[in-house]
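Trainee: generate coordinates for the sequence data below:
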Amino acid sequence: MEIKVLGMGCAKCSLLLNHTRQALQMLGWNETVEKVDDLDQILQSGVLRTPALMIDGQVVLSGQTATAETLRDLLLRHRSNPPQKR
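Mentor: Now for the predicted structure:
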């Protein structure tokens, strides 16, 4: 699973990164979270509002943060229902 937090380093971006890591720890998953702070990469991802969370190339959260518990549930839903590849 590829997990990315996109943002330019604001407090909310850091919070989303920390909560995502906490959610993974709650689940006992050893996934790595990549922090993307390059504006060109963020725009190429189609993200217009940060912070944003991408899982396997799909933007699942944008313009807001979430609690670790909410992110845990989001990760579980994504793992059981991954996006279809075209």
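Trainee: CA atoms for contacts and neighbours, from now on please.
Mentor: OK.
Trainee: list the buried residues in the longest helix anywhere in the chain.
Mentor: As assigned by DSSP state H, the longest helix anywhere in the chain is helix 11-27. Of the residues in helix 11-27, those buried by neighbour count under the rule 16 or more other Cα atoms under 10 Å are 12, 13, 14, 15, 16, 17, 19, 20, 21, 22, 23, 24.
Trainee: any idea which element residue 46 lies in?
Mentor: Residue 46 is part of no helix or strand, with elements assigned from DSSP states H and E.
Trainee: chain center to whatever helix or strand comes next after the longest helix of the chain, what's the gap?
Mentor: Sequence order places strand 33-36 as the next helix or strand after helix 11-27, per DSSP H and E. Here strand 33-36 is found 8 Å from its chain centre; the criterion is Cα atoms, centre = their mean, to the nearest Å.
Trainee: so what touches strand 33-36?
Mentor: The set of residues external to strand 33-36 that reach it, using Cα atoms under 8 Å, 6 or more residues apart in numbering, is 2, 3, 4, 5, 6, 7, 8, 17, 20, 21, 42.
Trainee: out of those, which are buried?
Mentor: Buried, going by 16+ other Cα under 10 Å: 3, 4, 5, 6, 7, 8, 17, 20, 21, 42, out of the contacts of strand 33-36.
Trainee: pull the most distant pair out of these.
Mentor: Spatially, the most separated pair among the buried ones among the contacts of strand 33-36 is 21 and 42, at 19.9 Å (Cα to Cα).
Trainee: just the pLDDT for residue 23.
Mentor: pLDDT, residue 23: 98.
Trainee: quick one on the thing from earlier: what packs against the longest helix of the chain?
Mentor: Helices and strands touching helix 11-27, as assessed by 3 or more Cα pairs under 8 Å, 6 or more residues apart in numbering; DSSP states H and E, comprise strand 3-6, strand 33-36, helix 68-80.
Trainee: what would the ones you listed look like in a markdown table with distance to residue 57 and mean pLDDT?
Mentor: Shown next, in a markdown table, are the helices and strands packed on helix 11-27 (distance: least, Cα to Cα, whole Å; pLDDT from 0 to 100):
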| stretch | distance to residue 57 | mean pLDDT |
| --- | --- | --- |
| strand 3-6 | 8 | 97 |
| strand 33-36 | 12 | 97 |
| helix 68-80 | 12 | 93 |
